[in-house]
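[1] Have a look at this prediction, sequence included:
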Amino acid sequence: QVPLVESGGGLVQTGGSLRLSCAASGRTFSAYAMAWFRQAPGKDREFVAAIAGNGGRTNYADTVKGRFTISRDNLENTVYLQMNSLSFEDTAVYFCAAGPIGIGDSSSSKLYIHWGQGTQVTVSS
């Protein structure tokens, strides 16, 4: 198991920014591909962004491309999601996920085997 703990969620106005963090336990953080997914009320969980183990490749959902940035610090065992120009449609619970390094920057939730509990992001108009 790789315990994952998200933080940084909260309430923000439209157009604002938030930075989510996901801290992982263990000494092999760099051996995991990391990703963020989100789930809005009444909707399925959807892919947001992913980053390969060495941080060399990233992948974004079209809905967040140009506004969100995923990054990781393998010395701090932490992955980040910088979210700018937030809109109401970004309101959701955001989940951090870890998967085998071989999946690269995959957007498929089925390939990620460790999940955090989620952090709520609410964007108000």
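    Sure, I can see it. If you're wondering where the values come from, they're calculated on a predicted model, not measured in any experiment. Numbering: from 1, shown residues only.
[2] contacts and neighbour counts: CA atoms only from here.
    Will do.
[3] Now do the closest residue to V79 other than its chain neighbours: how many residues are near it, please.
    Distance criterion CA to CA, 6 or more residues apart in numbering; nearest residue to V79, sequence neighbours excluded, is R72 at 4.1 Å. By other CA atoms under 10 Å, the residues close to R72 number 22.
[4] can I assume R72 sits in a helix?
    No - remark: R72 does not belong to a helix; assigned using DSSP: H, G, I helix; E, B strand; the rest coil, it is strand.
[5] Quick check, it in contact with G55.
    Yes - using CA atoms under 8 Å, R72 makes contact with G55 at a distance of 6.5 Å.
[6] so who does G26 touch?
    G26 sits next to V2 when contact means CA atoms under 8 Å, 6 or more residues apart in numbering.
[7] if we go to 10 Å?
    1-3, 77 (CA atoms under 10 Å, 6 or more residues apart in numbering).
[8] what are the bridge partners for the nearest residue to A40 once chain neighbours are set aside, then?
    Closest residue to A40 apart from its sequence neighbours, by CA to CA, 6+ apart: A92 at 4.2 Å. The bridge-partner assignment for A92, based on DSSP bridges, gives V121.
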